[in-house]
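Asker: let me see the structure of the following:
(2 chains)
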Amino acid sequence: MKNTKLIIYAILAVIAIIGAIGAVNIFINGEHAMGTSDRVPWGILISGYVLLAVFCSGLCFMSSLSSVFGLKQFEVVTKRAILFAVTTLMCGFYVLVFELGNPFNLIYIALSPNLHSLMFWMGLLYGIYTVILILELFNILRNSHKWAHMFGIAAFFAAVAANSNLGALFGGIIARPFWTGPFSAIYILATAFMSGAAILAIMFYFVEKQGKVASYKGKPIMPAIGRTLSIAIFAVAVMTVWRVVSGMYGGMPGNYDAMMGLLTGPLALNFWIFEIGLAIVLPLIILYLPGGMSSQRIMMAGSSTVVGIFMMRFDFVVAGQIAPLNVVPGVTETLYHSYNPSWSEWSLLFGGIALAILVYMIAEDKLDLDYKEEANHEKESISAKASVEA
Amino acid sequence: MAHYAMLIDAARCTGCGACRIACQMQHQLPPDKYFNRLEFRESGTYPNVKMEIIPVQCMHCDNAPCQQVCPTKATYKRSDGIVLVDPNKCIGCKYCMTACPYDVRTLNDDNIPEKCSFCVDYIVNGEEPACASTCMCGVRTFGDVDDPNSEISKKLAKVSVYQLIPEKGTRPRIYYVKK
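Answerer: Have a look, this model is predicted:
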């Protein structure tokens, strides 16, 4: 068992190191080391940042199910969800910083802020969210329940604001009809729930397997995670259907072209196999096959969803850009612009993901992340006593 | 205060590309980077076909999406209407490149998304932008639309004009002569 863990650590460390080499290459050679171009300026590093930032928000939402929505059994997931949320967010920033052409100029977001820019708000909101999340984690780890609960509620609202703003950052681009509008913000929020539930499905399968605490008052948490995952997938499925229908309806220039790029064009394989097959259809089949939601099935459904979401982010970012802008009516510059990520981009992204998992696994080893029922009952009785006194 | 704009009479364009080369020379751009381009539009059915050439560059929009999305105000609009980029403030996020409906930004080796500046360093000395001064057919007329005696104001008073993708609400400062 110990050997297996060491091998996993070593593999993750090697991927992270290769990622660091890719990062250095991008830092030295800039755009020349990337597959992006003037026509497709945002590539897999942007989609990777969105992936990691939305994993973070999704995990925060899942942990908030207890503190904000009163679903007490989700108290079991709080410690691990918030810890992994912090590591994924940090690694998301790591990927994003190397994507930026001039990261040293980031100081001008503070010195010369443009309040009209949704990217400025992204910086501000994610900054606030990061601080709250770290404070929540700090208080969770020192078992300060009152403060952890308070920061948990604050983190939920900060996550909603930062996450929906991230979607709105795309939605505010009038030049790209595939993204334009409020749908992008809502879509990112819905997929965040799906991401969070999928990650927890994998995480708590292994927690349960290792004999650690994965139940609330004797009731296993995995079926609840499975049900949440299925609800989130269903919501995203409905949104995807209407996104496709509205994209095709009326043949709106820009939106229609991008949608056809997804359905039958260069992104069709990603869309049908990953976005529809692995992220939506397969997990629902696995979860609702006769025989009930076993932990193994929930984990498999979660894994399938995570792989599908990876390409879902890629499709979302790239489909918006591959359709030519048709600046001059009647001129077809090209059918679709092409984008192929370079090895540096792939390695940096996988390096960032591996680093997030590695840091989490080391923390899982070193810290006591198990849910303590007595401690939380104590907290409940204190709050009940306080309300009676009031 | 001057308010600069450009009038393009695309019907005069021969497609020689001198405007692009003059711009590249003026701004020391490598061959694969350019601030202006020619779009070729074919229409009709053989044998009755025709081809139009439409020059496209930064529109210096009054409601510039690139300026609005820039998180650090690296892209800014001067009071004379020219939209410029301050490379010292640019973080290289490329948000302006995705936000521009005219696809006119190009990333340089310092990761700055550059674009046409209406040759701002030259027009202060009363010169014209390189693309306008080099054109043998006088396709481009550059000038101050607030000055009723400027050449562009006189031409604008005489001709009917259109703008590219006006439905985006960008209010571009480049006008095209309607045929």
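Asker: can you name the residue of chain B nearest to chain A?
Answerer: Nearest residue of chain B to chain A: residue B:92, at 2.0 Å (Cβ to the nearest Cβ). Yep, even glycine has a C-beta here, placed from its N, CA and C like the rest.
Asker: residues near that residue, how many?
Answerer: 22 (other Cβ atoms under 10 Å in any protein chain shown).
Asker: and the closest residue to it other than its chain neighbours, what pLDDT?
Answerer: With Cβ to Cβ, 6 or more residues apart in numbering or on different chains as the criterion, residue B:92 has its nearest non-adjacent residue at 2.0 Å, and that residue is residue A:101. Note on residue A:101: pLDDT of 89.
Asker: again, but for residue B:52
Answerer: On the pLDDT scale, residue B:52 is placed at 92.
Asker: what's the one helix or strand it maps to packed up against?
Answerer: Here residue B:52 is covered by strand B:48-57, with elements defined by DSSP states H and E. Contacts defined by 3 or more Cβ pairs under 8 Å, 6 or more residues apart in numbering or on different chains; DSSP states H and E place strand B:48-57 against strand B:36-45.
Asker: model confidence over the strand it packs on, on average?
Answerer: 91.
Asker: what's that strand in contact with?
Answerer: With Cβ atoms under 8 Å, 6 or more residues apart in numbering or on different chains as the contact definition, strand B:36-45 has outside contacts at A:327-328, A:330-331, A:333, B:13, B:15, B:17, B:19-20, B:23, B:49-57, B:104, B:116, B:131.
Asker: among those residues, name the buried ones.
Answerer: Among the contacts of strand B:36-45, those classed as buried by 16 or more other Cβ atoms under 10 Å in any protein chain shown are A:327-328, B:13, B:17, B:19-20, B:23, B:52-57, B:104, B:116, B:131.
Asker: wait, which of those residues is closest to residue A:12?
Answerer: Using Cβ to Cβ, residue B:104 is the member of the buried ones among the contacts of strand B:36-45 that sits closest to residue A:12, with 43.1 Å.
Asker: what about the residue nearest to residue B:92, how many neighbours?
Answerer: Number of residues near residue A:101 (other Cβ under 10 Å) recorded here: 21.
Asker: check residue B:178 too.
Answerer: Applying other Cβ under 10 Å, we find 11 residues neighbouring residue B:178.
Asker: surely it touches residue B:160?
Answerer: Yes: the pair residue B:178 / residue B:160 is scored as a contact, 4.3 Å apart, by Cβ atoms under 8 Å.
Asker: that's a helix at the residue of chain B closest to chain A, yeah?
Answerer: No: Residue B:92 sits outside any helix when classified using DSSP: H, G, I helix; E, B strand; the rest coil, being coil.
Asker: low-confidence ranges, chain B, go.
Answerer: Applying pLDDT under 70 to chain B flags no residue at all.
Asker: can you show me the strands along it?
Answerer: B:4-8, B:36-45, B:48-57, B:75-77, B:83-85, B:106-107, B:113-114, B:140-144, B:161-162, B:174-177 (DSSP state E).
Asker: before we move on, what about the stretch 201-350 of chain A?
Answerer: For the stretch 201-350 of chain A, the strands defined by DSSP state E, counting those that start in this stretch occupy A:215-216, A:219-220.
Asker: please identify the most buried of these.
Answerer: strand A:215-216 (a mean of 18; mean count of other Cβ atoms under 10 Å in any protein chain shown).
Asker: that one pairs with which strands, parallel or anti?
Answerer: Taking DSSP bridges as the criterion, strand A:215-216 forms sheet pairs with strand A:219-220 (antiparallel).
Asker: contacts made by the partner strand with the rest, please.
Answerer: With Cβ under 8 Å, 6+ apart, strand A:219-220 has contacts from A:73, A:208, A:214, A:295.
Asker: what do you get for stretch A:133-149?
Answerer: With Cβ under 8 Å, 6+ apart as the contact definition, stretch A:133-149 has outside contacts at A:56, A:60, A:67, A:78-79, A:82-83, A:85-86, A:89, A:151-152, A:154-155, A:158, A:367, A:372, A:375-376, A:379.
Asker: make it 6 Å
Answerer: For stretch A:133-149, contacts defined as Cβ atoms under 6 Å, 6 or more residues apart in numbering or on different chains pick out A:67, A:79, A:82, A:86, A:151, A:152, A:155, A:379.
Asker: next: stretch A:75-93.
Answerer: A:49, A:52-53, A:55-56, A:59-60, A:62-63, A:66, A:133, A:136-137, A:140, A:200, A:203, A:216, A:221, A:352, A:355-356, A:359-360, A:363, A:369, A:371, A:376.
Asker: could you do stretch A:100-110 as well?
Answerer: Contacts of stretch A:100-110 with the rest of the structure, by Cβ under 6 Å, 6+ apart, involve A:97, A:123, B:71, B:72, B:89, B:90, B:91, B:92, B:93, B:111.
Asker: of those residues - the most surrounded one?
Answerer: residue B:93 leads these on contacts (other Cβ under 10 Å) with 31 neighbours.
Asker: on that earlier part again, with pLDDT as new columns, can the contacts of stretch A:133-149 be given to me in a markdown table?
Answerer: As requested, those are exported to a markdown table (pLDDT from 0 to 100):
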| residue | pLDDT |
| --- | --- |
| A:67 | 84 |
| A:79 | 91 |
| A:82 | 94 |
| A:86 | 95 |
| A:151 | 92 |
| A:152 | 92 |
| A:155 | 94 |
| A:379 | 54 |
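Asker: neighbours around the closest residue in space to residue B:144 that isn't next to it in sequence, how many?
Answerer: Leaving aside its sequence neighbours, residue B:144 sits nearest to residue B:2 (Cβ to Cβ, 6+ apart; 4.2 Å). Residue B:2 has 17 neighbouring residues, counting by other Cβ under 10 Å.
Asker: roughly how far apart are the residue lying farthest from the centre of chain B and residue A:195?
Answerer: Distance from the C-alpha centroid of chain B peaks at residue B:47, with 33.6 Å (Cα atoms, centre = their mean). Residue B:47 sits 58 Å away from residue A:195, going by Cβ to Cβ, to the nearest Å.
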